[in-house]
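>>> Build me a structure from this.
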Amino acid sequence: MLHNVSLRAAGYMGRTLQASDMQIHLYAFSLEIALRIIIQVSLYLIVAWFFGVFWNAVFVLLALAGFRSYSGGAQLKIFPRCLLFTGLLTASLVAIALPAWPAWVVYTFAVLSFIYASIVTVKWVPAGLKGRLLRNEDNKRRQKIKTVLFLLFCSTVCVILEIYNQRLLVQGVLMGLATSCFLTTPRGYKALGYVDRLYDCLEGGCRR
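Here you go, the predicted model:
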């Protein structure tokens with residue numbers, strides 16, 4: 001459903017902007033990810049508010065969803081699976097980021113996370129684009145630039161939070177960013193392939 005809505009919206013945008021077919025497909029790809037993120041984030045924040053971890057969830061999702069909106073990356077077959085899996089993943093990341101880490105752990109993890117994010121951006125962004133879109137260097141370069149700008153934004157957010165002694169929120173940003181980067185890589189695709197197969201087993205029985 002979201003895929004069809006994205007295609008229709010992208011087609012309208014393309015006709016308005018007199019875009020090429022390649023650009024329309026890129027619009028559709030970006031819109032579908034954005035719609036998924038809006039729906040998922042809204043639901044997760046409602047649940048987080050109920051459990052009293054609203055701001056922790058906000059900053060985990062800022063990095064987790066924000067990076068993927070520019071980078072692309074692995075997704076499960078159908079949206080309900082994404083909704084459940086990402087909800088459990090977000091809850092796990094919030095739980096890991098809630099206890100106060102030693103300062104040296106936070107700073108080391110921050111440096112490693114941004115180095116990892118830079119490597120992922122250079123090697124694999126944009127991920128998930130198919131056909132000519134993937135081979136179009138102009139599109140790839142634009143997505144990489146947007147992703148780099150988002151990383152700069154995340155680093156600025158971390159610095160500001162640290163200045164105001166909000167280290168738990170910094171930890172949330174770092175956990176979300178590192179996880180999102182992993183899901184952009186081939187290993188991330190492979191991991192979600194296993195998750196999809198697990199869903200298939202639960203829904204219809206495992207095939208030998």
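>>> contacts, neighbours, all on C-alpha from now
Noted.
>>> Would you mark the buried spots in stretch 198-205?
Y199 (16 or more other CA atoms under 10 Å).
>>> From the chain's centroid, how far away is it?
On the basis of CA atoms, centre = their mean, to the nearest Å, stretch 198-205 sits 25 Å off its chain's mean C-alpha point.
>>> Also stretch 121-128?
With CA atoms, centre = their mean, you get 12 Å for stretch 121-128.
>>> what residues does it touch?
Stretch 121-128 is contacted by residues 70-74, 134, 140, 143-144, 147-148, 184-185 when judged by CA atoms under 8 Å, 6 or more residues apart in numbering.
>>> Include secondary structure and pLDDT when you put the residues you listed into JSON lines, please.
Shown next, in JSON lines, are those (DSSP: H, G, I helix; E, B strand; the rest coil; pLDDT from 0 to 100):
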{"residue": "Y70", "secondary structure": "helix", "pLDDT": "86"}
{"residue": "S71", "secondary structure": "helix", "pLDDT": "87"}
{"residue": "G72", "secondary structure": "strand", "pLDDT": "80"}
{"residue": "G73", "secondary structure": "coil", "pLDDT": "78"}
{"residue": "A74", "secondary structure": "coil", "pLDDT": "76"}
{"residue": "L134", "secondary structure": "helix", "pLDDT": "51"}
{"residue": "K140", "secondary structure": "helix", "pLDDT": "82"}
{"residue": "Q143", "secondary structure": "helix", "pLDDT": "87"}
{"residue": "K144", "secondary structure": "helix", "pLDDT": "92"}
{"residue": "T147", "secondary structure": "helix", "pLDDT": "95"}
{"residue": "V148", "secondary structure": "helix", "pLDDT": "96"}
{"residue": "T184", "secondary structure": "coil", "pLDDT": "92"}
{"residue": "T185", "secondary structure": "coil", "pLDDT": "92"}
